[in-house]
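Undergrad: Dropping the sequence and predicted coords here.
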Amino acid sequence: MTLLIIADEFPYETAPPPGKADVLVACGDIPDQVILKTAQAAGCATVLAVKGNHDFSSSFPAPIVDLHLRSHTWGGLRFGGFQGCWRYKPKGNYLYDQERVTRLLDSFAPVDIFVAHNSPRGVHDKEDDVHYGFDAFNAYIQRAHPRLFLHGHQHVNKETLIDGTRVVGVFGIQRVEM
C-alpha cells in the first residue's frame, strides 16, 4: 500500500504529486482544495486528514475523512488521529494543552497508523514555544504500539523509530510504503 502524505502548505500548483498512491493523508495546515486536487492528481479515492493550527474551523468537505479522535479502516489497516498542536497563544483553532490531549487520548483505541498534526514530545521538536510535541502522543505510542505515526507541524522530513513505532515527520509531500 502506498500512502501519499502532505503537510504544512504543500505547494500543489508548483509541485504536483509524483505518481499514483492508494491513500492520501493530510497532516494539517493544508487548504481543503489543495487536499482534493492532490488526491485527484494521485488517483486517491481515499482521503484521510486532520486539521492543523492554521486551518479553518469548518468541517472537511467530502470525500475527506476527518480522523480527529476517530478511526477509519482501509485496506485492512486501521487509521486514527488527532488534530492541532500545543496551545502557544490564547486564541486560535485546534490548540490544546498537554493535560487535555492526555484526557482525550486515554481511551482512544489502538490503530495501525496514527495521523497527527503535531509530533510526539521530544521527537522532531523545535524548542521555540510553538513547535514542540505532545507528551500524550508518547504515552499513546507506548500503550497502543501503532506501526506508523505520521505528523506535520515541525517542518521537517525526518523518520525516527520509537518503541517499534515508525514516526515520520512530513513537510510538503512524502510517499510511504506499507
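TA: That came through, no problem. What you see is a predicted model; the values in this text were computed from it and never measured. Numbers count the residues shown, from 1 in each chain.
Undergrad: now the farthest one out in the chain, which residue is it?
TA: Centroid-distance maximum for the chain: residue 90 at 23.0 Å, with C-alpha atoms, centre = their mean.
Undergrad: how close does it get to residue 97?
TA: From residue 90 across to residue 97, the span is 12 Å (C-beta to C-beta, to the nearest Å). Using the backbone N, CA and C atoms, a C-beta is placed for each residue, glycine as well.
Undergrad: what packs against the helix or strand containing residue 47?
TA: Assigned by DSSP states H and E, residue 47 belongs to strand 46-49. Under the contact criterion of 3 or more C-beta pairs under 8 Å, 6 or more residues apart in numbering; DSSP states H and E, strand 46-49 touches strand 23-26, helix 32-42, strand 64-66, strand 71-74.
Undergrad: who's in contact with it?
TA: The contact list for strand 46-49 (C-beta atoms under 8 Å, 6 or more residues apart in numbering) reads 22-28, 30, 35-36, 39, 60, 63-67, 72, 74, 79, 81, 115.
Undergrad: Now, of those residues, which are buried?
TA: By neighbour count, with 16 or more other C-beta atoms under 10 Å, these hold 22-28, 30, 35-36, 39, 60, 64-65, 67, 72, 79, 81, 115 as buried.
Undergrad: Run through the protein and note the low-pLDDT ranges.
TA: In the predicted model, the chain carries pLDDT under 70 at residues 10-18.
Undergrad: again, 80 this time
TA: Residues of the chain meeting the criterion pLDDT under 80: 9-18, 127, 129.
Undergrad: In the helix or strand residue 143 falls within, which residues are buried?
TA: If you go by DSSP H and E, residue 143 is part of helix 135-144. With burial defined by 16+ other C-beta under 10 Å, the residues of helix 135-144 counted as buried are 136, 137, 138, 139, 140, 141, 144.
Undergrad: what's the span of stretch 45-61, first residue to last?
TA: 14 Å (C-alpha to C-alpha, to the nearest Å).
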